[in-house]
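Enquirer: Need a 3D model of the sequence below.
(chains A, B and C)
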Amino acid sequence: MNKTRASGRTVGGLRTLSLQAPAVTLLLLWMLIPLGLTIWFSFQRYNLLMPGMTGFAGLENYQYLFSDPALWSAMGTTLLLVGWVLAITVVGGTLLAVLFQQDFAGRGIARVLAISPFFVMPTVSALVWKNMMMHPSNGVFSWVAETFGFQAVDWFSSLPLTSIIIIVAWQWLPFALLILLTAMQSLDEDQVEAARMDGAGPVAIFFFITLPHLKRAISVVIMIEMIFLLTIFAEIFVTTSGGPGLATTNLAYLIYIRALLDFDVGTASAGGVIAIILANIVAIFLVRMVAKNLED
Amino acid sequence: MTIASTKQDRAAPPQSLPKGSPLGSIDTRRLGFTLLGWTVACLIFFPIFWMVITGFKTEAAAIADPSLIFSPTLESYQEVQARSGYARFALNSVAVAFGSTLLALLIAIPCAYSMAFLPTKRTKGTLLWMLSTKMLPPVGVLMPIYLIFRDVGLLDTRTGLIIVYTLMNLPIVVWMLYTFFKDMPRDILEAGRMDGATTFQEVLFLLLPLTLPGIASTGLLSVILSWNEAFWSLNLTSSKAAPLTAYIASFSSPEGLFWAKLSAASTMAIAPILIFGWMTQKQMVRGLTFGAVK
Amino acid sequence: MATLELKQITKRFDDTDVIKGIDLEVNDREFVVFVGPSGCGKSTLMRMIAGLESATSGDILINGERINEVGPAHRGLAMVFQSYALYPHMTVEDNMGFSMRLAKVPKEQRRQKVLEAAKILQLEPLLDRKPKALSGGQRQRVAIGRAIVRNPSIFLFDEPLSNLDAALRVQMRIELARLHEELDATMIYVTHDQIEAMTMADKIVVLHDGVVEQMGSPMELYHHPRNRFVAGFIGSPKMNFLDVSLEEAGPEGVRIRLPSGRDCTVPVDGSELAVDSPLELGIRPEHLQLDDQGPLSGEIQVLERLGGQTSLYVQMGELVVTIMADGDVAHRVHDMVRFGFDPMRAHLFNSEGTALPSLHQHPLAGLTRRDHRQAAEGSNQ
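Expert: Next comes the predicted model:
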């Protein structure tokens, strides 16, 4: 009855504040110091290779960044990457979730196999795909293509972004599957049976019962993936290094180039601020949704 | 022969049956889903399978035409260990992943305890704020962290990575523990309090034993996330403290094009985590979605 | 010896006042029941006594000593929770001995005390089981056993029977009453079920919206409810309420006009009543009698035959009136019936819902359960 009520204190017990203090303090520092410094640096003239050149730069770093075609190309690449991976994983994940929800022989093992890629570290999956799957002469893909009499594709030079999209989608498809499958298991069987009694076929059940039930889980998947996909880094780092040219340089990789290759702290920080703003646009929706869930 | 004919017999009826009645075709359906399910699962799993297989080949066999027929050898595994000091990187990974997880649990358990059992008006806000710190993209704060670490001498140290991973995973760990703790009946803790347990005894004798599965899967998720993390490890370490993610990345250079060795090293690097992942897949969803999907 | 005293206790959660100033005394060895609808604050009140919640203001005294700042374990209380709150990972024996383990009581002594309690509750064969392997009633008994082991001066029960099925509830009710006698301890019991309150209490405290509506012996509450809320809450089926108009009021009685147009004088003190003030007549279903000459009439809507008794739901204008009649009444649904009541049994409530004081004290109203027990020993109530 009064389980939801709370005063945060009991007689003679420890108080809420002291128990939460370590976690809250650490996270506060972890957030505020780097964030503050990033914003501060972004208004500074600060290049580690040119120690003399320091001082307030105003909006110079931003102007420089925005006039740099690389930024716009990186933004485009980021959006393409995020968009395609999201489309593939959400649609594919939903279909796979429906498939793996069916009762079939060895379903448990099949499920485990299907979600495995999510647990593979990004550098491994990128290298395995780059070398053993997509290699133009020795890869499995080229072998399959040649076996069927097609021209082998040199994935990373002719379709660099597509290749990255495939790798990233392969990693995140299991994530979508895992979440959606879990959400699907909470679907009330009675509801499905009631629909069947009302004469709904499998397709109607999918569109009128399953999909609406998954709506919330799908939006959670989209938002969480977006936050991670906006800053995809390792997969690009080990496969294309952002190339050829700027073909696979996304925002994260561009910042990395400016920061740790050019040592241009000011510009890199300005890029960081842009990345933070982008991520937070997504985050607002996600936080709102999770907050709604906290009500009950 | 019998099987084939049965298949045909069974496959025929659905068309003659009235629409919307799947009766009589249940076995066919099951068979169809079995085939489809396994095909899809195998296709998705194939790159991992292929990597494991390649690890047991010789370098020559590895780049030859794909084939499942070869004489397996442990050569690559031995060489990975002997030449590149695989163990050192693995040790770094273990130290960093488990170190940061233990630290995160230690900080998170009291916090989640008070949020679940002694909530105040501010608790909800605090939880959401913690979630929002995860929204800070690492690239956004790469520069300051890099410079701070350089200045205090944490670059390329395990301690440095442990600090970063602890803070990176802390919100998820708190959230996950919070959802598990919330599922535990508060009455039991209160009964303990009536029996004379201090807050510490309450946690030690009642809360921890009863939520152990939840705490374990929280810990495993944290280990998985730290183990696989590749942004900070690539940017903050070079040689001394480099974990496996960074070690594997070194295979991307042209001289590292030894597929069998890459595969052997990769297999060893992902095997433990793959098993952890399989073990905790169900409970992990809570942590990954901040309790929004259960 | 254990007495409890609450002085102007209040409790505020965020912006809501849950308990709005309660004064209460619990005497030694008394069985006091807090009863009220859900949300009335009865559990919060008990949790404050237990020390699981702090009081916002006011004093809590046990044996005359203020214990507001004393932790729950050191108040000399034991509590039985609604969910039993057994430790699922411990055996029955460990459950019962947990408090002693925390207090570093030697193992032998612990076992001794657990065995004693187990004997009282017939739990000996179950000592090695885990709570999961027990039935609801057994779990309940373990929870009580855990309380007994602590040798408390006051037992607290928080809706302990609400998770049991009806048959078991009756059985546990009897067992608790027996236990009260055997342990001779002070007990405070929270429930929303007025039957539990009526059957077990020496003193009932009716709570509503964080205030005490009335406090007294079960018979006092039944025969002389202080207001409309208590009148409606105590007694089952619920009391009927009819709007009536005032004809004549005086200290010797109040003459009212019933909806049917007939007049009737109720023996209550009406000296405070203003002319034309609206009144409500309250009359319990068991005090309405079918009577062809009765002043009230209506059409039977539903008829429930329980065997020994029959409940009639009679439509009277807008209102449905419940009548508990004899099991043998021959009426059918849609019959028109006439009925009446003894004015001595009637209650009158003014526009604030306060009962007008009755001129006659019911002979049983002063009876406590203790007297009742001794007087009724052997006879069948």
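
Enquirer: Close to chain C: what parts of the stretch 51-200 of chain B are there?
Expert: Near chain C, the residues belonging to the stretch 51-200 of chain B are B:121, B:185, B:187-188, B:190-197 when assessed by C-beta under 8 Å from any C-beta of the partner chain. Just so you know, the C-beta spots here come from the backbone N, C-alpha and C atoms, and that holds for glycine as well.

Enquirer: Run through those and flag the ones next to chain A.
Expert: Answer for these near chain A (C-beta under 8 Å from any C-beta): B:121, B:193.

Enquirer: can you redo the residues of the stretch 51-200 of chain B next to chain C as TSV with distance to residue B:155?
Expert: Formatted as TSV, those follow (distance: C-beta to C-beta, whole Å):
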residue	distance to residue B:155
B:121	42
B:185	48
B:187	50
B:188	47
B:190	49
B:191	51
B:192	46
B:193	47
B:194	52
B:195	51
B:196	50
B:197	45
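
Enquirer: so which of the residues of the stretch 51-200 of chain B next to chain C comes closest to residue C:239?
Expert: residue B:187 (34.8 Å; C-beta to C-beta).

Enquirer: And that closest one, which helix or strand is it part of?
Expert: helix B:186-194 (DSSP states H and E).

Enquirer: Report all helices and strands that that helix contacts.
Expert: strand C:77-80 (3 or more C-beta pairs under 8 Å, 6 or more residues apart in numbering or on different chains; DSSP states H and E).

Enquirer: what does the strand it packs on rub up against?
Expert: B:190-191, B:194, C:46, C:49-51, C:62, C:140, C:143-144, C:146-148, C:150, C:152-158, C:160 (C-beta atoms under 8 Å, 6 or more residues apart in numbering or on different chains).

Enquirer: Show me the residues you listed that map onto strands.
Expert: Among these, DSSP state E puts C:62, C:154-158 in strands.

Enquirer: Can you pull the poorly scored residue ranges out of chain B?
Expert: Filtered on pLDDT under 70, chain B yields the residue ranges B:1-26, B:254-257, B:294.

Enquirer: neighbours around residue B:34, how many?
Expert: 17 (other C-beta atoms under 10 Å in any protein chain shown).

Enquirer: How about the secondary structure of it?
Expert: When classified by DSSP: H, G, I helix; E, B strand; the rest coil, residue B:34 comes out as helix.

Enquirer: Could you pull up the residues touching the closest residue to it other than its chain neighbours?
Expert: Excluding its sequence neighbours, the residue lying closest to residue B:34 (C-beta to C-beta, 6 or more residues apart in numbering or on different chains) is residue A:104, at 4.1 Å. By C-beta under 8 Å, 6+ apart, the contact set of residue A:104 is A:110, B:30, B:33-34, B:37.

Enquirer: What are the boundaries of the helices in the chain?
Expert: Picking chain A for this. Under the criterion DSSP state H, chain A contains helices at A:16-42, A:60-67, A:69-101, A:107-115, A:122-127, A:140-147, A:155-158, A:160-185, A:189-197, A:202-205, A:211-229, A:234-239, A:251-256, A:265-294.

Enquirer: hmm, I had chain C in mind actually
Expert: With DSSP H as the criterion, chain C has helices spanning C:42-50, C:92-102, C:107-120, C:136-149, C:166-183, C:194-200, C:218-223, C:228-233, C:369-376.

Enquirer: what pairs with the lowest-mean-pLDDT helix or strand in chain A, and is each one parallel or antiparallel?
Expert: In chain A, no helix or strand scores lower on mean pLDDT, DSSP states H and E than strand A:50-56, which sits at a mean of 74. Applying DSSP bridges, strand A:50-56 is found paired with strand A:44-47 (antiparallel).

Enquirer: tell me the average confidence for the partner strand?
Expert: Taken as a whole, strand A:44-47 has a mean pLDDT of 79.

Enquirer: same check, this time on stretch A:158-173
Expert: 91.

Enquirer: Is that stretch in proximity to chain B?
Expert: Yes - judged by C-beta under 8 Å from any C-beta, stretch A:158-173 comes into contact with chain B at A:170, A:173.

Enquirer: Mind listing what's buried along that stretch?
Expert: The neighbour-count check on stretch A:158-173 (16 or more other C-beta atoms under 10 Å in any protein chain shown) flags A:160-161, A:163-173 as buried.

Enquirer: For chain A, what's its nearest residue on the stretch 1-150 of chain C.
Expert: In the stretch 1-150 of chain C, no residue comes nearer to chain A than residue C:71, which is 2.9 Å away by C-beta to the nearest C-beta.
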